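[1] Can you look at this prediction? I've put the sequence above it.
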There are 4 protein chains.
Amino acid sequence: MTRFIGTRALFIPGPTNVPDAVRRAIDLPQQDMRAPDFASFTLPIFENLKKVFRTETGTPVVFPSSGTGLWEAALTNCLSPGDRVLVARFGQFSHLWVDMAERLGFEVECIDVEWGRGIPIEQIEEALSQDRGHAIKAVLATQNETATGVASDIGELRAAMDRAAHPALLMVDGVSAVGSLEHRFDDWRIDVTVSGSQKGFMLPAGLGIGCFSEKALTAAESAWSRRCYFDVRDMVAINQTGYFPYTPPTNLLAGLKVATDMLLDEGLDAVTARHHRLAGAVRAAVAGWGLQLCAQEARWHSDTVSAVMLPEGTDGGAFIRHAYFEYGISYGAGLSKVAGKLFRIGHLGDLNETMVLQILGATELVMRDMGMAFETGSGVAAAIEHLSRPVGGGLKVAAE
Amino acid sequence: MTRFIGTRALFIPGPTNVPDAVRRAIDLPQQDMRAPDFASFTLPIFENLKKVFRTETGTPVVFPSSGTGLWEAALTNCLSPGDRVLVARFGQFSHLWVDMAERLGFEVECIDVEWGRGIPIEQIEEALSQDRGHAIKAVLATQNETATGVASDIGELRAAMDRAAHPALLMVDGVSAVGSLEHRFDDWRIDVTVSGSQKGFMLPAGLGIGCFSEKALTAAESAWSRRCYFDVRDMVAINQTGYFPYTPPTNLLAGLKVATDMLLDEGLDAVTARHHRLAGAVRAAVAGWGLQLCAQEARWHSDTVSAVMLPEGTDGGAFIRHAYFEYGISYGAGLSKVAGKLFRIGHLGDLNETMVLQILGATELVMRDMGMAFETGSGVAAAIEHLSRPVGGGLKVAAE
Amino acid sequence: MTRFIGTRALFIPGPTNVPDAVRRAIDLPQQDMRAPDFASFTLPIFENLKKVFRTETGTPVVFPSSGTGLWEAALTNCLSPGDRVLVARFGQFSHLWVDMAERLGFEVECIDVEWGRGIPIEQIEEALSQDRGHAIKAVLATQNETATGVASDIGELRAAMDRAAHPALLMVDGVSAVGSLEHRFDDWRIDVTVSGSQKGFMLPAGLGIGCFSEKALTAAESAWSRRCYFDVRDMVAINQTGYFPYTPPTNLLAGLKVATDMLLDEGLDAVTARHHRLAGAVRAAVAGWGLQLCAQEARWHSDTVSAVMLPEGTDGGAFIRHAYFEYGISYGAGLSKVAGKLFRIGHLGDLNETMVLQILGATELVMRDMGMAFETGSGVAAAIEHLSRPVGGGLKVAAE
Amino acid sequence: MTRFIGTRALFIPGPTNVPDAVRRAIDLPQQDMRAPDFASFTLPIFENLKKVFRTETGTPVVFPSSGTGLWEAALTNCLSPGDRVLVARFGQFSHLWVDMAERLGFEVECIDVEWGRGIPIEQIEEALSQDRGHAIKAVLATQNETATGVASDIGELRAAMDRAAHPALLMVDGVSAVGSLEHRFDDWRIDVTVSGSQKGFMLPAGLGIGCFSEKALTAAESAWSRRCYFDVRDMVAINQTGYFPYTPPTNLLAGLKVATDMLLDEGLDAVTARHHRLAGAVRAAVAGWGLQLCAQEARWHSDTVSAVMLPEGTDGGAFIRHAYFEYGISYGAGLSKVAGKLFRIGHLGDLNETMVLQILGATELVMRDMGMAFETGSGVAAAIEHLSRPVGGGLKVAAE
């Protein structure tokens, strides 16, 4: 791709902007992954991951793969061919997980939900309650549906499963959630979390990052789906010594250490609060423009990505191409059912106020170029109202 | 300095944002600066510099120094102790050059001009006309006064010197001009241009970059100011072979090659037009906010930096500190006479529309936090009006 | 790991030293992997890969995985559960591939060969000849057994398969061969080549790089092994448009472009010749020391890794730890059957004469520290004899 | 310059190999050099420098320049036109400092010494003793003459000055000494040390690094040499606040922090001992080859650079070009009086045993190519004897 003058405005919902310190941590000469002291490099990474997943009993794993690889790892490690899984489909990524489960030979009980809505917790509870024989072996849940900007409450889902007193495993796609949204592996008794490096972990793509509960690892002992590359038993056994069953991407691991240090230094609650605050500014702007989010209700508004519905007559493809070629802006496009109907702003990872104001101002410029009807400046103004922290007592300024 | 979450918004008028390709070009292992083929690395750099200075007869030089070093190189190479120089002082940087000239033993005829105004060309012409004996050996001109955001027309200055038929050397401080504003070494018959790496050249600080005319190099033969490190005779003689009289910063030179390739690939006229267009957006915003620039007339509006006057009651220091600590924004501060009265937005170098909208949105946020009276969104809206390129025929979008 | 003073001497047989230009190519800001012009970035990479594999009819694939992932991709895409594969086992990596094939549900006909010997071509031919019913669906061949430093002749293997007139697919593990040793996908009618980024491709780990023949892709249409992440059908279909079915590691892809450009600029024959010349120097040194290679015959001497047998009484583990902690040297260790009995010197990738002399001198230092009996300097001297290019006519020096 | 396959062997006596951690520390986005918290970045650097210079009373300074700039800073800040300086000339770099002093208008009393010998301390003492009127204002001493590989004992020089009870300032060129050789600013009561970033400081070129005593700073108050860029008064006054009088190269400063941290972490005595040990290996090799050093006596053997005399009939230029073009080796060449007669191996900075063995093996290869008479392997063997640390009790290996 040819050079673009000035920095590009990358606001897709992943890969996200890599913090400079992480970028430099990755830019390493190659390491000896069987060095006698390699464990002193790897073990602290796993310790950090446990904290990020908020787990003491779970076991984090890191595969050289994309997040998609972890979907497969979750399914093939814990389930056997023909096992039934219960899943809601309400966007492109939940759709793809369903598709994978089918292709890998599982029986999928799929609850289709209108795109723009979240996990239908009552329906899940109902289905589990009716499954007296416990044929359902796992519930698959997409915490944050990146395609529609819909976040669901996994804690409520767990509560529903508890009410149904169902022993199914709870597998959560946290790809665009972990490291940004609240994600409590232990509190919610998640069995497998699936994530990847290029979202809240603020790294380039290349690491599938997951977490397995003791129950999930026990299931892996008897599950007989064919697997080898993604076999969690090999991985966990060797990880305990600080090594990997095959050559790991040490550069990304070095970056993962620094990135998770950053998350923990900021504090997970602060990270979540920051995402909420910045997402609020984006939503204020969308309202200011008189546009709608794809996410139909406030309880489903994602704090990591906003899918903004375009008005009739505005072609989403043209919108995105104009932004890209004219101004170097990258949005997420509408996928599948919503192709051409929306654009998505990713607001996760290493993000702050001025970056949010950049994409909002830039979006107004694109909207104006496209001839859309709105009051120029209205979105930015609303975002500023949302973000403003009056100096008032001037405490922070005075504090230096 | 502690890590700031997200990228910082660096909008000082230099150092500017280094393009990523330049940054990677700099990040080199050390080179052998006396290697037999070193000239194949250095000579193309000088060729590029000639094009950037728009000269065929001038000789570019690159010293390991800041731009300040080139001020000294210009003076000590071409003038002898006691020589008279004519200079206008209308901002902190023209002031500092005057100060240097005095400390280095030259007789300075200084025309003081109100800060916010540009080079008083008529007065210069008048002074030269009255100097029948040609006691004035050089005219020092600050093309772009970074402290006040005032650009002056060097072509007009040359015309005035011609009208006065005065043989003085024309020395131009182009530190925040070359590579961004129009700067025609040959057409304007400049004798010495002074510049540095960290502005329009889009590099880190560390290189003093200049250009000497044949007349200036001839003057250097007889001028007897004491000098050694900055002696242009040594430098030029050895440069012709592709080497340097002492160890050059090869990393920055590697970056200089890539940065000047970029400028030339874009085209100098396009670079100038881009700066004008983006600066126009900033000025539209300032007007939208109801604020004034320090530059008093449109003809002096700098396309590389805007100095924005703050209203009574708003402390510039507090403004800048709040922006820095709360949001990671770096503005230029008011210096000396205008300390605390303004903030400066640098808009030069590797800059595009979304970056401009970032700093404008961010500035509105700061203004609001500071309790300033303005219509939120007004500046951003005005800038967008200025920048909008309606898709219309949609040619560009269609063209991919 | 703590800092080691000076650069480490990384001479494991992968990950190899990443050329600085590749390293800088990788060190990119994140890219939009769904950008409208993304194909202009990816398609030239696939073109380069075809040249590196020396194929016009094969289809290269790049998975976010280690090379191990490609072993799985080869097997699960082209074979169905219960299919029989024929494979020789003569080192740790051929062993692991056998193990994987068994775990993935294939019937493995394994010919065990003494470690230090290569593919038993006559036995393969015999086995194929006897398989009148063509139950064997694939022959798995490890071109370069990294654990023992044994290279086998795949061209001869193909000739043997032809003599047996057997239709089995030919799957080749070229992980430590492609990009270093001769590897002719088309000429040898290979069906699947398995490789990875961290060896001859001179990149960090993180990419599984393979090539599938038309016959292999046809097999993939009907093979019904469960697979999804590594499904070559999805990958190839989407790759043709320049995109990927899930987020690719764009940084490594950017590096892959530069690395393959380097290989092609040097010329594949020149690359192979260079590896042969440098490996010859290592072997000359080993002979000078009076030591033996694990590879039992010259025809099996690998040009990418030499496994050097240690004499009785010298503990390989202590040897390797001393080298590592005292001098920052990384060797490959003896694995499994040869654990503690040898050390391995990787001599592949971005390597030249002075780097080879570094590891040879360093090895003599370690040998002396360990109290081994040998004439100090003998190995280095023999290597120098091997490498010396007398100035003689002085053509090269004169030519500058 | 075209790409060289594999890493180049850079063994010039500066620029030296930059440690990877330093390289990454330098590779920063641009910083705001007037940020409110900039002092928290700069002040610790000055603290580190004081420790590296082993001073509590001296004031370190860092100029954007090469080391040559600090020669000028030393002279023009502390001396007035016509002042007499006493200096010994015994190599190219002491010669250049003499030349500079003359050009800057000082009266130079120069003691010429055969190249290959060190500072003639008795003659200096004699000259000072005879200077009853204290016309000599400064003694200029090149601690390590890089051109000949000659180190002199500055402590002895100070003792001689004390014996002569002479008040002259002691100015020391420590460019290739500080950070590698013993250099005790306070103990030796040095008045100005001159150094640069690209030698023992393990950084790219671009920083002139020096240290001024209180006596030197007092002299600067009254010395009236014309100076501005290198005026130490401005620099020191502003440095105390954590800022610089003009834009500093913040990237290199960031690297300087990390590099000096490394030196201090290793310990200055350990750094010196390491250089001595590694230099000993080089000298052992030279003896093994039957060659002579330019440095005539052991007391003058430099631990940072060895200048190796070539035998009659071997052209130094051809030697160096062959090494460079054929193998990517960079040596220092013979300069001026010794041009073509020697080659120089730099062995300073971030260096360890395997790097020394690399250049020694590589040198044997070049020597053999050039047809020089020596026993191949003899130099490397002698170096190994020198460096060997028998495992013996095996304590270190056992300790991991």
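    Received, thanks. Quick caveat, the model's predicted, so the values are computed rather than measured.

[2] So which residues on the stretch 101-250 of chain A come close to chain B?
    Counting by Cβ under 8 Å from any Cβ of the partner chain, no position of the stretch 101-250 of chain A is adjacent to chain B. Where you see a C-beta, it was placed from the backbone N, CA and C, and this is true even at glycine.

[3] What residue in the stretch 101-250 of chain A comes nearest to chain B?
    For the stretch 101-250 of chain A, the residue closest to chain B is residue A:202, as judged by Cβ to the nearest Cβ, at 10.3 Å.

[4] contacts for stretch A:220-234?
    A:61, A:63, A:65, A:69-70, A:72-73, A:75-81, A:104-105, A:212, A:217, A:245, C:65, C:68-69, C:71-72, C:76, C:81, C:100, C:103-105, C:225-226, C:229-230 (Cβ atoms under 8 Å, 6 or more residues apart in numbering or on different chains).

[5] Now do the SS call for residue A:199.
    Assigned with DSSP: H, G, I helix; E, B strand; the rest coil, residue A:199 falls in the coil class.

[6] can you pull the contacts of it?
    Counting by Cβ under 8 Å, 6+ apart, residue A:199 has contacts A:13-16, A:67, A:175-176, A:178-180, A:304, A:348-349.

[7] At which residues are the helices of chain A located?
    Ranges of helices within chain A are A:20-26, A:39-52, A:67-78, A:92-103, A:121-130, A:154-163, A:214-222, A:232-239, A:250-266, A:268-289, A:316-327, A:353-369, A:378-387, A:395-399, based on DSSP state H.

[8] now those helices as JSON lines including mean pLDDT and distance to residue D:280?
    Below are those laid out as JSON lines (pLDDT from 0 to 100; distance: least, Cβ to Cβ, whole Å):
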{"stretch": "helix A:20-26", "mean pLDDT": "96", "distance to residue D:280": "36"}
{"stretch": "helix A:39-52", "mean pLDDT": "98", "distance to residue D:280": "32"}
{"stretch": "helix A:67-78", "mean pLDDT": "98", "distance to residue D:280": "53"}
{"stretch": "helix A:92-103", "mean pLDDT": "98", "distance to residue D:280": "63"}
{"stretch": "helix A:121-130", "mean pLDDT": "98", "distance to residue D:280": "74"}
{"stretch": "helix A:154-163", "mean pLDDT": "98", "distance to residue D:280": "65"}
{"stretch": "helix A:214-222", "mean pLDDT": "98", "distance to residue D:280": "56"}
{"stretch": "helix A:232-239", "mean pLDDT": "98", "distance to residue D:280": "43"}
{"stretch": "helix A:250-266", "mean pLDDT": "98", "distance to residue D:280": "35"}
{"stretch": "helix A:268-289", "mean pLDDT": "98", "distance to residue D:280": "54"}
{"stretch": "helix A:316-327", "mean pLDDT": "98", "distance to residue D:280": "61"}
{"stretch": "helix A:353-369", "mean pLDDT": "98", "distance to residue D:280": "55"}
{"stretch": "helix A:378-387", "mean pLDDT": "98", "distance to residue D:280": "64"}
{"stretch": "helix A:395-399", "mean pLDDT": "38", "distance to residue D:280": "55"}
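
[9] Nearest approach to residue D:370 belongs to which of the ones you listed?
    Residue D:370 sits nearest to helix A:250-266 of all the helices of chain A, at 40.7 Å, using Cβ to Cβ.

[10] for the closest one, which positions count as buried?
    A:250-263 (16 or more other Cβ atoms under 10 Å in any protein chain shown).

[11] What is that helix packed up against?
    Packing contacts for helix A:250-266, counted by 3 or more Cβ pairs under 8 Å, 6 or more residues apart in numbering or on different chains; DSSP states H and E, involve helix A:20-26, helix A:39-52, strand A:207-212.

[12] what's the offset of it from the middle of its chain?
    17 Å (Cα atoms, centre = their mean, to the nearest Å).

[13] What lies in contact with it?
    A:18-19, A:21-23, A:25-28, A:30-31, A:33, A:41-42, A:44-45, A:48-49, A:51-52, A:62, A:179, A:197, A:200-204, A:206-207, A:209, A:271, A:274, A:350, B:3, B:5, C:15, C:204-206.

[14] I figured residue A:46 hits residue A:60, correct?
    Yes: between residue A:46 and residue A:60 there is a contact at 5.5 Å, judged by Cβ atoms under 8 Å.

[15] which one of those two has more residues nearby?
    residue A:60 (23 against 17; other Cβ atoms under 10 Å in any protein chain shown).

[16] quick one, what contacts the nearest residue to residue A:365 once chain neighbours are set aside?
    Spatial nearest neighbour of residue A:365, chain neighbours left out: residue B:384 (5.0 Å); criterion: Cβ to Cβ, 6 or more residues apart in numbering or on different chains. Residues in contact with residue B:384 (Cβ under 8 Å, 6+ apart) are A:361, A:364, A:365, A:368, A:376, A:377, B:281, B:357.

[17] Out of the helices of chain A, which gets nearest to residue D:96?
    Across the helices of chain A, the minimum distance to residue D:96, taken as Cβ to Cβ, is reached by helix A:20-26, at 37.2 Å.

[18] Count the neighbours of residue A:48 for me.
    There are 19 residues near residue A:48, going by other Cβ under 10 Å.

[19] what about the closest residue in space to it that isn't next to it in sequence, distance to residue A:267?
    Leaving aside its sequence neighbours, residue A:48 sits nearest to residue A:260 (Cβ to Cβ, 6+ apart; 3.7 Å). Noted for residue A:260: a distance of 12 Å to residue A:267, by Cβ to Cβ, to the nearest Å.

[20] For chain D, give me its nearest residue in the stretch 201-350 of chain A.
    residue A:254 (10.7 Å).

[21] Check chain A too.
    Counting by Cβ to the nearest Cβ, chain A gets nearest to chain D through residue A:24 (4.6 Å).

[22] Roughly how far does the nearest residue to that residue once chain neighbours are set aside sit from residue D:254?
    Leaving aside its sequence neighbours, residue A:24 sits nearest to residue D:24 (Cβ to Cβ, 6+ apart; 4.6 Å). Counting by Cβ to Cβ, the gap between residue D:24 and residue D:254 amounts to 10 Å.

[23] ok, now residue A:76?
    Taking Cβ to Cβ, one finds residue A:76 at 47 Å from residue D:254.

[24] Please apply the same query to residue A:339.
    From residue A:339 to residue D:254 the distance is 46 Å (Cβ to Cβ).

[25] how far away is the residue nearest to residue A:365 from residue B:360?
    9 Å.

[26] can you list residues touching both of these two?
    With Cβ under 8 Å, 6+ apart, residue B:384 and residue B:360 have common neighbours A:361, B:281.

[27] Give me every residue in the stretch 51-200 of chain A lying close to chain C.
    By the rule Cβ under 8 Å from any Cβ, the part of the stretch 51-200 of chain A lying against chain C is A:64-69, A:71-72, A:76, A:81, A:100, A:103-105, A:196, A:198.

[28] Please pick the buried ones from these.
    By 16+ other Cβ under 10 Å, those give A:64-69, A:71-72, A:76, A:100, A:104-105, A:196, A:198 as buried.

[29] Identify the residues contacting the closest residue in space to residue A:310 that isn't next to it in sequence.
    Of all residues not flanking residue A:310 in the chain, residue A:316 sits nearest, at 5.4 Å (Cβ to Cβ, 6+ apart). With contact taken as Cβ under 8 Å, 6+ apart, residue A:316 is in contact with A:310, A:333, A:334, A:339, A:340, A:341, A:342, A:343.
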